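Engineer: Dropping the sequence and predicted coords here.
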Amino acid sequence: MELFLRLIVIAVKAIALIVGPLLDRFWYPPKAQETLLPPIRNRLLTLSVQELRKRLRTRQLTSVELVKAYIERIEAVNPHLNALVESRFPEALQEAASADDLIARSNDVEKLFKDRPLLGLPLTVKESCALGGMTFAVGSLARRNVKAQDDGVAVKRIRSAGAIPLLVSATPEYCFSIETDTLLNGRCLNPYDFERTPGGSSGGEGSLNAAGASLFGIGSDIGGSIRIPSLYCGIFGHKPSGGVVSVGGHFPNSIAEDFEQYLVEGPISRFAVDLPDLLEVMAGSEKAATLRLREPFQLSQLKIHYAMGFEGINGWMHQSVEGEIQNAIRKAVVHLKALGLDVQRAKLPNLGNSMEMALAGIAGMHQMDYLLEAEPTEGSGKVRETLGELFRSIRGQSSYTTNALIFELMRRCQAFVGRPQMEQYHAESRALIGEFSTFLGENGVLLFPTMSSPAARHKWTVLPLWGIDYTLIFNVLGLPVTHVPVGVNKQGLPIGFSVIAAPHQDRLCLHLAVELERAFGGWQPPTPHEFDD
């Protein structure tokens with residue numbers, strides 16, 4: 001355990017205990033929301049990929065109708081949310097017309113959809129996941145003129161399956177924050193409360209999906225960047241097992257051998273039932289086969305473990321998990337016990353150094369792109385320069401965002417961990433992978449808080465940031481994780497928790513997510529529907 005690092009964590013916890021109530025009482029007093037998100041009026045926007053695919057296949061629906069419905073929804077909500085970075089609506093409508101023509105002319109529609117399972121279905125793409133011809137600035141003023149030359153690997157697979165990209169969505173600068181707010185694109189807002197963040201770094205995807213403005217999205221996750229927006233925005237998001245989905249074409253990136261164990265791309269959706277199909281396409285046939293997503297599986301085979309957060313001294317040092325999130329886990333436990341499943345309070349493997357292991361993993365990625373230079377380096381000599389830039393950013397005098405510079409400084413300083421200790425924490429992480437694999441096996445899952453609290457207020461994400469090991473540790477371990485929404489709290493903010501499995505046991509997370517969606521309703525729209533028909 002690193003004393004200086006832990007003193008920071010304890011200080012942040014103390015500040016949160018003091019500042020939180022003061023903000024609630026004086027700075028953000030309860031008030032009626034002045035501007036509600038426009039309600040969904042088109043029923044097509046409430047249907048899953050599976051339902052829409054059936055309608056397209058049976059020619060009850062055209063892709064043009066569907067794409068138009070989503071374009072209209074995006075145009076209705078984006079002025080409120082600022083989640084769109086660049087759109088390609090005319091091209092999408094042309095591709096939809098081509099899909100309709102292909103379906104109309106097909107003599108074997110079943111085979112057509114078997115070969116192209118996402119034919120005619122619209123999606124949105126996080127800007128950091130390259131979409132050919134579209135902006136690839138990734139929230140950075142320094143990259144404002146950069147365009148993606150080609151599709152990234154996962155995007156290419158999704159498009160080859162027939163899906164139609166509508167836009168690229170907002171992300172923090174270089175994906176280095178859990179607040180999607182940049183000098184280049186401005187601030188992205190949470191559909192449930194405009195004074196709160198949708199999270200990051202897949203914040204634009206979280207915001208659009210929660211608002212019913214995306215059928216599904218492609219996100220990326222190196223420390224919670226799919227799961228945190230999924231929690232904050234009340235949707236489903238899956239972080240695949242490390243190395244399952246190629247991150248070719250993603251920015252930032254690294255040539256480090258184990259980088260794809262940490263950074264993953266994965267699906268974001270309002271519908272749990274769609275996640276396996278989307279993951280299968282994104283992974284590609286060879287990697288998808290290792291996940292056995294199509295293999296029959298009975299829910300009764302699952303062994304459920306649960307925990308309310310980190311334990312012992314480590315747990316005390318973290319901000320407490322809010323009671324309503326703990327209650328969401330308890331509700332799931334009661335439900336699963338009622339189904340006759342084996343449910344036990346977890347005796348977790350050694351997570352006492354979760355913060356150190358998590359940050360050591362990312363700090364060791366010297367070959368990942370740095371904010372203050374165009375090319376990756378091995379050096380850490382820019383600590384002073386980064387610190388100076390951080391102070392300028394705090395004063396509003398920098399071309400870089402404060403949160404991204406904080407993350408940069410952590411990497412430059414090796415997360416305040418010495419080199420000998422760094423090797424120790426890397427070794428602990430490697431051992432912990434084996435411990436979790438044994439603990440969960442081929443039929444076990446762990447219910448665990450995604451973060452300690454629901455959506456944070458704008459400009460205050462530095463407080464939950466120091467609980468990032470709730471998510472980051474599972475990137476370092478390469479475990480698959482699905483965030484499951486379970487309603488909203490008393491403030492109307494989405495809550496939920498993570499379902500975690502052993503490496504390459506993604507199907508267990510996904511099967512349980514479908515059951516929990518059935519039991520607790522899954523996504524709840526920020527504004528009640530008002531259908532036109």
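Structural biologist: Okay, I see it. Residues are numbered from 1 along each chain as shown.
Engineer: measure the nearest residue to Ser160 once chain neighbours are set aside to Ile158 for me?
Structural biologist: Computed as CB to CB, 6 or more residues apart in numbering, the closest residue to Ser160 that is not its neighbour in sequence is Arg116, at 7.6 Å. Bear in mind the C-beta positions are built from the backbone N, C-alpha and C, glycine included. The spacing between Arg116 and Ile158, counted by CB to CB, to the nearest Å, is 11 Å.
Engineer: same thing with Glu110?
Structural biologist: Glu110 is 21 Å from Ile158, by CB to CB.
Engineer: More neighbours: which of these two?
Structural biologist: Neighbours were counted for Glu110 and for Ile158 using other CB atoms under 10 Å; Ile158 has more, 26 against 9.
Engineer: any idea which element the more buried one lies in?
Structural biologist: Counting by DSSP states H and E, the element that carries Ile158 is helix 153-160.
Engineer: Beyond that helix, next helix or strand please.
Structural biologist: strand 164-169.
Engineer: packing partners for the helix or strand just after that next one?
Structural biologist: Counting by DSSP H and E, the element after strand 164-169 in chain order, helix or strand, is strand 181-182. The helices and strands touching strand 181-182, judged by 3 or more CB pairs under 8 Å, 6 or more residues apart in numbering; DSSP states H and E, number zero.
Engineer: Need the contact partners of whichever helix or strand comes after strand 181-182.
Structural biologist: Next helix or strand after strand 181-182 toward the C-terminus (DSSP H and E): strand 186-187. Contact partners of strand 186-187, identified using CB atoms under 8 Å, 6 or more residues apart in numbering, comprise Asn82, Thr180, Asp181, His458.
Engineer: Neighbouring strands - and their directions - for strand 186-187?
Structural biologist: Strand 186-187 pairs in its sheet with strand 181-182 (antiparallel), by DSSP bridges.
Engineer: coming back round to it: now do the helix holding Ile158: distance to the chain's middle.
Structural biologist: Centre-to-centre, helix 153-160 and its host chain are 18 Å apart (CA atoms, centre = their mean, to the nearest Å).
Engineer: what's the answer for stretch 68-78, then?
Structural biologist: 22 Å.
Engineer: The closest residue to Arg59 other than its chain neighbours: neighbour count?
Structural biologist: Nearest residue to Arg59, sequence neighbours excluded (CB to CB, 6+ apart): Ile103, at 6.6 Å. Ile103 sits with 22 neighbouring residues when counted by other CB under 10 Å.
Engineer: who touches Ile103 in this structure?
Structural biologist: Counting by CB under 8 Å, 6+ apart, Ile103 touches Leu56, Arg57, Arg59, Ser63, Val109, Leu112, Leu119, Gly120.
Engineer: Out of those, name the ones that lie in strands.
Structural biologist: When the contacts of Ile103 are checked against strands (DSSP state E), there are no matches.
Engineer: ok, of those residues, which one's closest to Ser429?
Structural biologist: Among those, Leu119 lies closest to Ser429 (CB to CB), at 41.4 Å.
Engineer: Tell me, what's the model's pLDDT at that closest one?
Structural biologist: With respect to pLDDT, Leu119 scores 99.
Engineer: before we move on, what about Phe259?
Structural biologist: 89.
Engineer: what's the answer for Pro29, then?
Structural biologist: 57.
Engineer: Kindly report the same for Arg419.
Structural biologist: At Arg419, pLDDT is 78.
Engineer: any idea how far Gly361 is from it?
Structural biologist: When distance is defined by CB to CB, Arg419 is 15 Å away from Gly361.
Engineer: Have a look at the two and say which one is more surrounded.
Structural biologist: For the pair Arg419 and Gly361, the greater number of neighbours falls to Gly361 (24 against 9), based on other CB under 10 Å.
Engineer: Wait, that one touches Glu428, no?
Structural biologist: No - look at Gly361 against Glu428 with CB atoms under 8 Å: they stay out of range, at 10.5 Å.
Engineer: Need the residues touching each of those two.
Structural biologist: Any residue near both Gly361 and Glu428 by CB under 8 Å, 6+ apart counts here, and not one turns up.
Engineer: burial of Phe416, as a residue count?
Structural biologist: 18.
Engineer: ok, now which ones touch it?
Structural biologist: Shown in contact with Phe416 (CB under 8 Å, 6+ apart): Glu2, Phe4, Leu5, Ile8, Met410.
Engineer: one more time with 6 Å, if that's ok
Structural biologist: The neighbours of Phe416, taking CB atoms under 6 Å, 6 or more residues apart in numbering as the test, are Phe4, Leu5.
Engineer: Just read off the phi/psi values of it.
Structural biologist: For Phe416, the backbone dihedrals (degrees, to the nearest 10) come out as phi 60, psi 30.
Engineer: before we move on, what about Lys347?
Structural biologist: phi -100, psi 90.
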